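Enquirer: next one to model:
(chains A, B, C and D)
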4 protein chains.
Amino acid sequence: MTEKIAYADDHFHDECGVFGVFGHAEAANLAYLGLYALQHRGQESAGIVSSDGGELHAHRAMGEVEEIFIPSVLAQLPGDLAIGHTRYSTAGDKALLNAQPIMVDCNKGKIALGHNGNLTNAAEWRRKLEHRGSIFQTNSDTEVIVHLIARSQARNLSGALGDALNQVEGAYSLLVLTPDELYAVRDPRGFRPLVLGRLAATETAGETWLVASETCAFDLLNAQYVREIEPGEMVRISKSGIESIHFAPEKPRQHCIFEHVYFARPDSTVFGKSVNASREALGRVLAREHPVEADIVVPVPDSGVPAAVGYALESGIPFHLGLIRNHYIGRTFIEPSQAIRNFGVKLKLNPVRGLIEGKRVILVDDSIVRGTTSRKIVRMVREAGAKEVHVRISCPPTISPCYYGVDTPTKEELIASSNTPEEICRYLGADSLGYVSLPALRQAVGDADGAFCTACYTGVYPTDLVQLEVREGSGNGTLGIGMRDTSGGLPQTERPVTVEREV
Amino acid sequence: MTEKIAYADDHFHDECGVFGVFGHAEAANLAYLGLYALQHRGQESAGIVSSDGGELHAHRAMGEVEEIFIPSVLAQLPGDLAIGHTRYSTAGDKALLNAQPIMVDCNKGKIALGHNGNLTNAAEWRRKLEHRGSIFQTNSDTEVIVHLIARSQARNLSGALGDALNQVEGAYSLLVLTPDELYAVRDPRGFRPLVLGRLAATETAGETWLVASETCAFDLLNAQYVREIEPGEMVRISKSGIESIHFAPEKPRQHCIFEHVYFARPDSTVFGKSVNASREALGRVLAREHPVEADIVVPVPDSGVPAAVGYALESGIPFHLGLIRNHYIGRTFIEPSQAIRNFGVKLKLNPVRGLIEGKRVILVDDSIVRGTTSRKIVRMVREAGAKEVHVRISCPPTISPCYYGVDTPTKEELIASSNTPEEICRYLGADSLGYVSLPALRQAVGDADGAFCTACYTGVYPTDLVQLEVREGSGNGTLGIGMRDTSGGLPQTERPVTVEREV
Amino acid sequence: MTEKIAYADDHFHDECGVFGVFGHAEAANLAYLGLYALQHRGQESAGIVSSDGGELHAHRAMGEVEEIFIPSVLAQLPGDLAIGHTRYSTAGDKALLNAQPIMVDCNKGKIALGHNGNLTNAAEWRRKLEHRGSIFQTNSDTEVIVHLIARSQARNLSGALGDALNQVEGAYSLLVLTPDELYAVRDPRGFRPLVLGRLAATETAGETWLVASETCAFDLLNAQYVREIEPGEMVRISKSGIESIHFAPEKPRQHCIFEHVYFARPDSTVFGKSVNASREALGRVLAREHPVEADIVVPVPDSGVPAAVGYALESGIPFHLGLIRNHYIGRTFIEPSQAIRNFGVKLKLNPVRGLIEGKRVILVDDSIVRGTTSRKIVRMVREAGAKEVHVRISCPPTISPCYYGVDTPTKEELIASSNTPEEICRYLGADSLGYVSLPALRQAVGDADGAFCTACYTGVYPTDLVQLEVREGSGNGTLGIGMRDTSGGLPQTERPVTVEREV
Amino acid sequence: MTEKIAYADDHFHDECGVFGVFGHAEAANLAYLGLYALQHRGQESAGIVSSDGGELHAHRAMGEVEEIFIPSVLAQLPGDLAIGHTRYSTAGDKALLNAQPIMVDCNKGKIALGHNGNLTNAAEWRRKLEHRGSIFQTNSDTEVIVHLIARSQARNLSGALGDALNQVEGAYSLLVLTPDELYAVRDPRGFRPLVLGRLAATETAGETWLVASETCAFDLLNAQYVREIEPGEMVRISKSGIESIHFAPEKPRQHCIFEHVYFARPDSTVFGKSVNASREALGRVLAREHPVEADIVVPVPDSGVPAAVGYALESGIPFHLGLIRNHYIGRTFIEPSQAIRNFGVKLKLNPVRGLIEGKRVILVDDSIVRGTTSRKIVRMVREAGAKEVHVRISCPPTISPCYYGVDTPTKEELIASSNTPEEICRYLGADSLGYVSLPALRQAVGDADGAFCTACYTGVYPTDLVQLEVREGSGNGTLGIGMRDTSGGLPQTERPVTVEREV
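Expert: Here you go, the predicted structure:
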C-alpha cells in the first residue's frame, strides 16, 4: 500500500452535525437548540438557513453555536423551515468559506445544503465540472452536489437531487432546504446516522417535523424520536406531508462503528442502540479480556467514563474520579514559552494526588491516536504517585484513516499503524496495555450481521477510493489511495492479549 | 429577626479567585494560567495587572480568562510581577467598572489590589470616607481599603495596609501589587483560602514565588505548594526576599466549610485537606446516614460526582453516569419563547434513558439552594422512566446567606430557611430526601476543633454584621442584619433523619 | 417611452474606481494608496486582490479604504501584483456579497476582476447561463463576464476574455488579475476613463506598471502618467512586458461627459483634458450665458468651487466662501426625531451670515438632481439674509438616467425630466436660474468631434438597451428601456435662457 | 528663559469643544448634534452624559462623534439634561481614561464635568490633594476641580464649585451637570469662548437652554444665539430658571486670538465678531503689508481659503483652487515603507498642474508651526511647475507655546522661536515670505482695548505659570516655566517686512 495519501486535504475530512425543522414558527430557534445539543460533533463553525416560504435567510460564522446565534442574529432568520449545520474544521481563511449550509440560487431555484459525511469521488467530479465551465466557490466536497443538481435535466428538485446523488460515492447524511421543502437523505450504505423526530402540535404551532444527526437533539426539545432515515432513502417534507423516496438500489450497510466508540453522545440512540450501553459493555468486556490486579479504576474524562464504569463494575475494583478535567478551554489558548512538563495535558486534566498516590491504577480511555497525549497522561499519573499504571482502551488499535467523515490523522501518524501493542505500551510508559478485540467490539455494539464499517481498525474500506491526479503534479501523477487494502487487519485485534512493558 | 436584608447588594457578594507571581520574566503569562485553573471560582470577568519595575500595566474585561488574555493582550503586560483576579459578578453596566484588580496611583504610590472575600463594614466606611471628601470610582467594597491606605499616616505601604486592614471587618484573601513588591494577606479568621507556592529556578528564570486561592493552580504550572498564608498574616515578597508580618491579633479561625462542600476544585488541597477526599467521605457518610434500597447511584454532574462515588462504594449500589452534561454553555443563551418542559435543566443535563428506565435511582447532589433546579431534575429523571427517585444531598440544609464572599440568594429564597426536609421532599417530588448532618459534615472535612464557619447551615455568624442606614431611607433608618442570630441551628441538621414523601 | 424602468436595480448601477499594480514588492500597499486617491468614485466598500505569483489573496469589506486596509490586513496581501476596487453601493446584506474584486478559481485558472461601468445586457446573459447550469454567487453584472470566460473554448485567458467581452454590451473599464498577469481593458466606446502609469525603477524595485481610473492616483504615488488605455484595447502586462491587443472593432467614442462636470477629481486629467480647467471654463461660460447684477458669488462646496471661481473671474463679482461645509459626515448619522428646518442640508452646510446678509447672491452648483437639496440651500441662504438668490448650474438640465455606470435616480425622480427651468426656478424659490447650454458644455470639455456621451442631458443613448423580462412580472412581461429615445433633447439646453421666478 | 518645558505633558494641553442642553426630551440627541458641529475643536474622543432627573448616564469613546453616538448608544442616554465634550488627544492607553465628561459620585452628589481649556496650577493642586489622601483616577487637570468640590465645606454645589474655581488658575470654559441642574462657567479672563443659546418651545418641548463653545452649533439646531457667558460668570440653569452668579472678581480679559486666526469655524461668531470676517480682513491686510507681483492666489485648503479670498480681492490677483484636498483621511493611515517624495503632504493635497504651471503663485496659509509641512507644500507647488512661490501667512510668527488649552509643540519645535523670517523663507524654499504684523492682527479681530491673549506671538503670558517640581527629576528639581517672559515680542511682528529668499 502506498504511503502518500494525496486525498488527505483538510477540507475533505470533517466531522459535522445537522439539524432540520419543518413547520414551526420558531424554526431557526429550534435549529439553534438542536445544533447546541449536537455541538460535540463539531464546534468550530456553525450555520443556519431558514426559509420564510419565499426567501432563504442564512447566517454562518466561525465559533460555537451559542456565541454565533445570539437573539439579534436569530431574529434575522424568519420562517417555518430551517436547517442547521455545526462543524469541526481547521482554522484559517478558508474555514468560513467552507462553512455550511451551502446556499445557492440556480436554475432549480434557491437551495441550501447541510452535509455530514465525505464524498470519496468529489475531486474527480470537481475536475470534470470545472472543465465544462462550472465555477466552484468553496473547497468543500458538498459543492459538487450543487453543481450536479444545476446540470441535471430533471424537471424538479427531487429528481435532480436523485440524479446528483447517484453520481457521487461515499458518506452523506444530507439536509436540503428549498423555500418550501425539507429533504433528508442518507447514502445507500448508511455510514452516518440521521434520525427523524416529531414535535406534537401545540396551541401555537402545528405538528413539526425534525431531522437530526443524533437523538439527543430531540431530547433537548422534548421531541419524539420517530425512526431512522433509511440508507438510500430521501425523505421529502412539504406542506403536502412527508414522502419517502428510495433514490438508489440497496447496498450492504456500513454504519460507522466509531460513532459508538467515541463520537456520538452517550445519551443518544445511534443505529438503534444506546451509545452509553455500548460503552459500558466495552468496559465490561475490557475487564474480561484484560484483567489486572489493581486498586482503582480511573477514567480519562469525559469520554472514558462509561467504559471505566463498566470496567469497575465487572472487575469489582473501585471507580474513582482520579483525573479532574479543567474548565472548558477555548480556541485561543496561549502556550507559555517556558516549557512546563506535560503542559498540553495539564491544561485539560489534573490528577487528584490523594486518590492516586501509592495506588495501582487502571486508566481507561476510548482510543489512542498518535499516542502522544496518552503518554503524557501516563507520565502525569505516575508523577502523582501511582505505583502501577495499566492502560485499557475500549476499542481495537486504530490503524487506518477514515474517508467517510471523521477527521483522522494520516496512517503514518496513527501509532498503531506501525507499532505493535508491546511497542505502544513501552512508548506510553505503562505497566500494561489492553485493547478491546474487534469481535468483542462488534458484539458490544450489537453488530450481529456485519452492518458496521470498521475500516479504521482493519484498513478494509467498503467503497472504491477514487484514483486522483495530484493537482500540481505532473508525469504519471496518479496515486492509489486505500484501494481495498486488505493486508491490514492486525491479528492482535482478533483475540485479547494484554501486553506488558518489558522491564 | 427582621426579614428585610438591606445589605444584600449584588456587588458586595462575589466569588473570586486570585493569583500572584513574583520574579518571573513571564509573570503575566503565569498569572493567566493560574487564573485559568481558578476559573471555577468566577468566570464572568477577569483582570491582570503586571509591573515592569516602574509602571503597572492593567487589562480587565468581561468574559472568560482565555477569551480575554489572548497573546496580543498579554504582550502588553510586561514585567516580572503580576497579580490576577477572576470573578463571578452580576451582569450589567457596573460589572466591568467593578472588575478587579483595582488599580490606583495615590500618595503611597501605584497600587493594584485583587480581593477574594467580602468586607462586612464596607458600606459604613464608604459613607464616612465620602463625607471627608474621598471620591469612589467603583461600587466594590474593596475600594474602601484603597482609600484607607491613602489616608493612613503610615510612611510606607506595609504600614498603611496594616492600618487599613485593622479598620475593616470580614473576609479577605488579598493580593496587593506595587511596582516592586507583592503582598499576600489573609484576614485574621481565615475565611477564604490563600496558599503560597514556588517555581524552582531554571536556566532562564530565578526562583519564582506564587500565591493562589487554591493549589490546583500550582499543579497546572508544575509549581510546588509551600504552605498556607496564615490568618492575620501579611506576606511581603520583594527583591530582599520574603517577609512575614502579623498585622492583627489572633482570632478564632473561621474557614469556609462550603469550599469543601462545593466551591473549591476536587483536586485542590484547601485548609490543609484534600477536597476530593472530603467529598467522597461525605458520600460515604450520606450512605450511612441515609441508606435506601435502590438499583443505581447517579450523580448530578459535575459537582455531585465524588459524593456519588463515595455513596456507591459505601452502599455497594452500582454507580452509573445516568445524567449527561451538555456541552459547555455560554453566557448568551437564548430561551425559546415556546415553553419546553424542564427546559432550563435540559440545557445542562440529559438523562440516559437506557440506564434509568425501570430503576430505583439514588440521585446525589451537593446542595439545594432554591429547590427549583432540583425539582426539575427529579421530574426529568422520573420522565426517563425511573421507578423511584431518592435525593441525597452531601451537606446540611442551607438556611442562611453568606456575608463572607460566597454569592447566595437572600434568606427568603433559600428553600430550607422556611421549609422542613419533609416539605422540601414533597416539593421536589422525590421518594425520599436525606441531608448530611452537621456533625458528620464537620467530621468529613476534618474539623476537630471548630475552626470552620458554618453560618450558611446554622445562621450563626462569626462576626458582628454592621448596622446600616438605608441610603435612600429616612427616619430611624436602621436595619439589623444578621446580628448574631442564634435562633437558627435547626435540630434536624444534628442527627440524620431520612425523610420520605407522604403518599 | 414607457415610464417604468425595470432595469433600475440598485446593484446594477454603481460608481467605482479601479487601480492595478504590476511589478512592485509592495503591490497591495500601492493599490491601497491608489484606492485612497480614488475614493471620491465610491466610498462604501473596497477590496484588494494581490498575487504572490501562485496564489491570489483577497480582502473586501464595507467601509472606507483607510478603515479597511489597516496594516495587519495589508500584511496578508503579499506579492508583486495587485488590483483594487472602491465602490459606491446601497446598504444591506447583499452589499458585501457584491463587493469587488470578484475572485474565482475556474478552468482558466485563478482570476480576479475589478469593474467600473455597467453592462447593459447582463440580465439577459445571466438568464441564459443559469439555464445551462451555471451558478451565480453575486448579483453583480460583472459575474457574467466570469462565467463567459469559464465557458469559452479559447485555450488561454486573453482569448477567453476577448470572447467574453465580445458578447457583452455597455460600459467597462476592467482590471483582471491572474497569478502572473495584469489585464487592463476598456470597452470599445470608452465610456469610463482608464489610464496607464509607470513608477520608475528604484534601488529596491524594478519598473512598476500602474493602471488607474484617474490620474490623481498617480500623483499621490509620484508616478508618471503614460497614456489612456484605448477604447477597445486590452493591455496585458506580464513578465514578458506590456502587450496591446485590440479585441473588438472600433466604435464611435462615447466618453462620459459627467466625469468632467462632476464625477472626476478636479486635479485629474480625464480623456486627455484637465478637469479643473473644464469646470472653471463652465463657470466662465455660465457668467456669459446667464449674467446677473449681484454682490457676491458663492459656491456650493466642495464641487461647486471651480465653476464659482470661473464665474467670479468672468463677471468681476467677488467670490466668497459664504457656505461652510461641515466636518466630514459618516454613514451612521442619526436624524433627530424633532423636525429641524432644512436639517439635512444643515448637516452639510452652514451659511456665513456676515457675508450673505443684505447681499444679492449668485449661488453656483454643478447640477440639480431631484431639486430637494437645492431648494433647501436656497431657503437657507435666504434665511441668512440674502436679498436675492440667483442659482447657476454648470451643466444642462439632467433629464435621463445613466445606464453606463453612474448611479442616478429614475427618470421620474429627475426634476428636469418633467419640469421646465421656469418651474424648477419656482420650486427652488430662487430669483433666477441658469443652466449651461449643451453646446457650451461640449465646448468647455473640448469635445470638437462628438466623442462624448451626453445621454443624461438628451435621453439619446448610444447603445441598444436590452429588452428585459420583468422577473416577478406578469402580463406580456417585457418593458422597453431607453430604446434610443430621441424625443428628448429639450430645446432649452441648446441656447442659454436665464429664467426668473414669476412674482 | 529656560529651554526645558517641564509642563508640556500631553494630557494637559488639549483642544476641546463643549455643548450643554437643559430642558429637552431629546437632550442627548441634541448634545450629539451640537458636538457634531464642534468637531473641528477635537475629533479623537467624545462623550455625553445625560440626566433623567435621578441618574446620570454616560458614554465616552475614542473616535469621531458620529461613529460613537449611533442610535443604540443614544438610546441609552435618557433624560432632559445633557452635556457633551469632544476632544483632541494623543493616542494611547490613557486617552480613553482621560475622555470627558468626567463623572463622579461624591459627597456633593452625582456630578459630570466637561472642560475646554487648561488649568495652569493643576499639577501643584494634584500633589497637595494626593498628599491629603485623595485618589485621582485620570491624568486630566480637570479632575482637580472635582476633588476640590468634594473637599469644599460649602453646603451646596454652586458654593463648592465657586470654592473650587477660586483655587485654580488658567483657562476654563466649563459645563457641570447634576441630576437636575446645568452649570456653565467661564474663567475670569475669558480665554476660551462659551455662548448661551435658546431653542423656542414647540408643541412637544418647552423652552430649551443650550450652551456651546461656538455659535455654529446653534445654527445646526436652528437655535437662537442669546449672549456670551461672561468671564467670571457661573450660569446655573434649573427648573427654577436661569441664574447668573459672579463667582470671582473681574480680571483683564484675555480672549484667545488664535480662535480667530485658525481654531474656530469661519461661520461662528466668537467673542462677538464673525470669524470669517476676521480671516478675510487678515487676507486683505496681508495683501497690503506684503504685496507682490504674481499671477494667481492659491490657498492652502481648507483653513487658508478665507484669507486667500481676502488677499485676492485686495490685490486684484485672481483666486484659484490650485491645491485639491484629498478625501477625508482617518486615523489609521499606513505609510508606505518605500519613500515617496512629499508623501505626508500628498496624502492631504494635490496640485492642479494646469493652474500652476508657469505661474507666479501666492500661497496663503494661516500659520507656520514647525515649518516642515509648509516646506513640503512649497516644494510640491514648485514641482507642479510654478515659476515663483510667495508664501503669505495670516498671522505673526508663532514663537511660544500655549498653556491655555491649545495643543502646541514645545518652543524649540516652533520654527519661528529661533529663526528669523529670512531663515524661515530660505528653509521653506519660497521666493518670499510675509507674516501679518501683530498690530494688524489686533485690528483685524477688532481688538481695540487689548482684550486678547497673544502669548503665542509674544511669549508674554497673562497668568503666573506655576513652578513645578519635575516628578522624576533630580537636582533642585524646580524649573521655571514661562514666568512672565517679556524678552520675546520679536520686533518683526510689529511692522510688516516682506522677506525674500537670498539667491
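Enquirer: domain ranges for chain A?
Expert: Chain A breaks down by automatic domain parsing into domains covering A:14-251, A:278-454+A:486-500.
Enquirer: by mean pLDDT, show me the worst of those.
Expert: For the domains of chain A, mean pLDDT drops lowest on domain A:278-454+A:486-500, to a mean of 89.
Enquirer: what parts of chain A come near chain C?
Expert: By Cβ under 8 Å from any Cβ of the partner chain, the residues of chain A that approach chain C are A:104-107, A:130-131, A:133-137, A:146-147, A:150-151. For every residue, glycine as well, the C-beta is placed using N, CA and C.
Enquirer: again, only using 10 Å
Expert: A:57-58, A:76, A:93, A:103-108, A:111, A:127, A:129-139, A:143, A:146-153, A:472 (Cβ under 10 Å from any Cβ of the partner chain).
Enquirer: now a PyMOL select for only the buried ones of the residues you listed.
Expert: To isolate the buried ones among the residues of chain A next to chain C in PyMOL, judged by 16 or more other Cβ atoms under 10 Å in any protein chain shown, type:
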select buried, chain A and resi 57+58+103+104+106+107+108+111+129+130+133+134+135+136+137+138+139+143+146+147+148+149+150+151+152
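Enquirer: ok, back up a step: ok, which of the domains of chain A comes nearest D:Phe319?
Expert: Closest to D:Phe319 of those, according to Cβ to Cβ: domain A:14-251, at 52.2 Å.
Enquirer: that closest one vs chain D: in contact?
Expert: No: for domain A:14-251, no contact with chain D is found by Cβ under 10 Å from any Cβ; the gap never falls below 10.5 Å.
Enquirer: tell me how far that domain is from the chain's mean position?
Expert: Centroid separation for domain A:14-251 versus its chain: 16 Å, with Cα atoms, centre = their mean, to the nearest Å.
Enquirer: tell me how far the closest residue to A:Leu323 other than its chain neighbours lies from B:Asp267.
Expert: Among residues not flanking A:Leu323 along the chain, A:Leu349 sits closest, at 4.7 Å (Cβ to Cβ, 6 or more residues apart in numbering or on different chains). Applying Cβ to Cβ, to the nearest Å, the value for A:Leu349 to B:Asp267 is 9 Å.
Enquirer: compare the two (neighbour count), which wins?
Expert: B:Asp267 (27 against 21; other Cβ atoms under 10 Å in any protein chain shown).
Enquirer: for burial, what's the neighbour tally of the nearest residue to that one once chain neighbours are set aside?
Expert: What sits nearest to B:Asp267 in space, not counting adjacent residues and going by Cβ to Cβ, 6+ apart, is A:Ile324, at 4.2 Å. By the criterion of other Cβ under 10 Å, A:Ile324 has 22 neighbours.
Enquirer: can you check A:Val445 too?
Expert: 24.
Enquirer: surely it and A:Lys273 touch.
Expert: Yes: if you go by Cβ atoms under 10 Å, A:Val445 and A:Lys273 touch, sitting 6.4 Å apart.
Enquirer: intersection of neighbour lists for the two?
Expert: A:255, A:260, A:281 (Cβ atoms under 10 Å, 6 or more residues apart in numbering or on different chains).
Enquirer: possible to save those as a markdown table with secondary structure, neighbour count and distance to chain D?
Expert: Compiled in a markdown table, the shared contacts of A:Val445 and A:Lys273 are given as follows (DSSP: H, G, I helix; E, B strand; the rest coil; neighbours: other Cβ atoms under 10 Å in any protein chain shown; distance: Cβ to the nearest Cβ, whole Å):
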| residue | secondary structure | neighbour count | distance to chain D |
| --- | --- | --- | --- |
| A:His255 | strand | 23 | 50 |
| A:His260 | helix | 29 | 49 |
| A:Ala281 | helix | 25 | 55 |
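Enquirer: which one of the residues you listed is nearest chain C?
Expert: A:His255 (33.3 Å; Cβ to the nearest Cβ).
Enquirer: beta partners of the closest one?
Expert: For A:His255, the beta-bridge partners are A:Phe452 (DSSP bridges).
Enquirer: what's the burial count for the residue in the stretch 151-300 of chain A that chain D sits nearest to?
Expert: Going by Cβ to the nearest Cβ, chain D is nearest to A:Thr204 of the stretch 151-300 of chain A, at 30.3 Å. Residues within reach of A:Thr204, counting by other Cβ under 10 Å, total 11.
Enquirer: for the stretch 301-450 of chain A, what spans make up the helices?
Expert: Along the stretch 301-450 of chain A, counting by DSSP state H, counting those that start in this stretch, helices occupy A:305-315, A:343-346, A:353-356, A:372-383, A:415-418, A:421-428, A:438-444.
Enquirer: also the stretch 151-300 of chain A?
Expert: For the stretch 151-300 of chain A, the helices defined by DSSP H, counting those that start in this stretch cover A:157-165, A:216-220, A:258, A:275-289.
Enquirer: which residues touch the first one?
Expert: Read that as helix A:157-165. For helix A:157-165, using Cβ under 10 Å, 6+ apart, the contacting residues are A:106-109, A:111, A:113, A:119, A:125, A:144-154, A:172, A:174, A:176, A:178, A:181, A:183, A:185, A:187-188, A:232, A:234, A:236, A:238, A:243, A:245-248.
Enquirer: sorry, back to before: joint contacts of A:Leu349 and B:Asp267?
Expert: Here A:Leu349 and B:Asp267 share the contacting residues A:322-326, scored by Cβ under 10 Å, 6+ apart.
Enquirer: from those residues, which land in strands?
Expert: Among the shared contacts of A:Leu349 and B:Asp267, the members falling in strands (DSSP state E) are A:323-325.
Enquirer: nearest to chain B, of those?
Expert: Nearest to chain B among these, with distances taken as Cβ to the nearest Cβ, is A:Ile324, at 4.2 Å.
Enquirer: for the closest one, give me its contacts.
Expert: By Cβ under 10 Å, 6+ apart, A:Ile324 lies in contact with A:301, A:348-352, B:216, B:219, B:265-268, B:275-276, B:302, B:305-306.
Enquirer: which of the residues you listed are buried, as a ChimeraX select command?
Expert: Of the contacts of A:Ile324, the buried ones go into a single ChimeraX selection, burial set by 16+ other Cβ under 10 Å:
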select /A:301,348,349,350,351,352 /B:216,219,265,266,267,268,275,276,305,306
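Enquirer: in the stretch 401-503 of chain A, what residue is nearest chain B?
Expert: A:Gly446 (12.3 Å).
Enquirer: go through stretch A:250-265 and flag the buried ones.
Expert: A:253-265.
Enquirer: span of that stretch from start to end?
Expert: Stretch A:250-265 stretches 28 Å from its first residue to its last (Cα to Cα, to the nearest Å).
Enquirer: measure stretch A:386-404 end to end?
Expert: 40 Å.
Enquirer: after the host helix or strand of A:Leu33 comes which helix or strand?
Expert: Following DSSP states H and E, one finds A:Leu33 within helix A:27-37. Going down the chain from helix A:27-37, the next helix or strand is strand A:45-51, by DSSP H and E.
Enquirer: adjacent strands (with direction) for the helix or strand following that next one?
Expert: Using DSSP H and E, the helix or strand that follows strand A:45-51 in sequence is strand A:56-62. Sheet pairing of strand A:56-62 (DSSP bridges) gives strand A:45-51 (antiparallel).
Enquirer: what's the distance between the residue nearest to A:Glu64 when sequence neighbours are not counted and A:Gly63?
Expert: Residue nearest to A:Glu64 in three dimensions, not counting chain neighbours: A:Gln43, with 5.2 Å by Cβ to Cβ, 6+ apart. Using Cβ to Cβ, A:Gln43 is found at 8 Å from A:Gly63.
Enquirer: then A:Phe22?
Expert: Note on A:Phe22: its distance to A:Gly63, by Cβ to Cβ, is 27 Å.
Enquirer: higher neighbour count, those two?
Expert: A:Phe22 (24 against 15).
Enquirer: give the contact list for that one.
Expert: With Cβ under 10 Å, 6+ apart, A:Phe22 has these contacts: A:51, A:80-83, A:177, A:180-182, A:184, A:207-211, A:237-239, A:242.
Enquirer: and with 8 Å instead?
Expert: The neighbourhood of A:Phe22, defined by Cβ atoms under 8 Å, 6 or more residues apart in numbering or on different chains, consists of A:80-81, A:182, A:208-210, A:237-238.
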